[in-house]
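A.B. asks: 3D model of this:
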Amino acid sequence: METLDLLQRRRSSKKFGQDVPNAEQLENMFKAAVRAPDHGRLKPYHFVVIEPTAMETFRRCLLETAQELEMGDEGVTKAEKLAKRAPMVIGIIAKIAKDLPKVPAWEQMVTAGCATYAMQLAANVQGFETCWITNKWIKGQALRQAFGCQADDEIVALLLVGSPLEGDSITTASQTEEITDFVSYIK
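C.D. replies: Sure thing, here's the model as predicted:
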């Protein structure tokens, strides 16, 4: 897929096959992530790979989160579904350095977000589907503990990763978005 076409048509996937990136493919994703815009070269992020063999741990963390945040039976059902949706998850943690007047916390969060997006694109280019998950799941203490988060750290995303379903190609939008509602010019 051509770069511009990927950028204009990429889309998150709801369904995944069972293949995951190998060590070299993951390294390519991380190399793309560390090239994200980064004022002050702080590298304000950390990545935690939940491999297929650890998905049961991920499931338990989601179930604990559903209980902790009082999400009820519906939350438990959603946790079970999310834990089975993709064969690999990458947790992206923003490592916020407080008290930096030249690089405020919001800018460090944006950098971690850009790193996440770069990983998504690198995964797509290598033939893998992705989906960026947040919602209440990133607020629970179980994942924070599993990821080794410090007090000021923020979980930015749970990046679901896996191959396309058998016989499918990477999910793309059927057409590019109309941009006139999102762009204005000062002349």
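
A.B. asks: distance check, residue 132 against residue 99.
C.D. replies: 29 Å (CB to CB, to the nearest Å). For every residue, glycine as well, the C-beta is placed using N, CA and C.

A.B. asks: meant to ask about residue 25
C.D. replies: 37 Å.

A.B. asks: list of residues touching stretch 70-77?
C.D. replies: The contact list for stretch 70-77, computed with CB atoms under 8 Å, 6 or more residues apart in numbering, reads 63, 65, 66, 67, 69, 78, 79, 136.

A.B. asks: so among these, which ones count as buried?
C.D. replies: 63, 65, 66, 78, 79 (16 or more other CB atoms under 10 Å).

A.B. asks: out of these, the closest to residue 156 would be?
C.D. replies: residue 65 (16.0 Å; CB to CB).

A.B. asks: pretty sure the closest one sits against residue 144.
C.D. replies: No - the pair formed by residue 65 and residue 144 falls short of the contact definition of CB atoms under 8 Å, at 9.5 Å.

A.B. asks: re earlier: strands - which of the buried ones among the contacts of stretch 70-77 land there?
C.D. replies: Nothing among those maps onto strands, per DSSP state E.

A.B. asks: could you single out the nearest of these to residue 169?
C.D. replies: residue 78 (28.0 Å).

A.B. asks: partner strands of the longest strand along the chain, with direction?
C.D. replies: Using DSSP E to define each element, the chain has its longest strand at strand 154-162. Neighbouring strands of strand 154-162 in its sheet, by DSSP bridges, are strand 88-94 (antiparallel), strand 129-133 (antiparallel).

A.B. asks: helices along this protein, start to end?
C.D. replies: 3-9, 23-33, 55-68, 72-85, 105-125, 141-146 (DSSP state H).

A.B. asks: deepest-packed of the ones you listed, please.
C.D. replies: Across the helices of the chain, the average number of neighbours (mean count of other CB atoms under 10 Å) peaks for helix 105-125, which reaches a mean of 20.

A.B. asks: returning to what we had before: so which of residue 132 and residue 99 has more stuff around it?
C.D. replies: More neighbours surround residue 132 than the other of residue 132 and residue 99, with 16 against 6 (other CB atoms under 10 Å).

A.B. asks: is it true that residue 61 touches residue 144?
C.D. replies: No - using CB under 8 Å, residue 61 makes no contact with residue 144, being 9.2 Å away.

A.B. asks: now the most centrally placed residue in the chain: closest residue in space that isn't a chain neighbour?
C.D. replies: The residue lying closest to the centre of the chain (CA atoms, centre = their mean) is residue 159, at 2.8 Å. The spatial neighbour of residue 159 that comes closest, neighbours along the chain excluded (CB to CB, 6 or more residues apart in numbering), is residue 90 at 4.3 Å.
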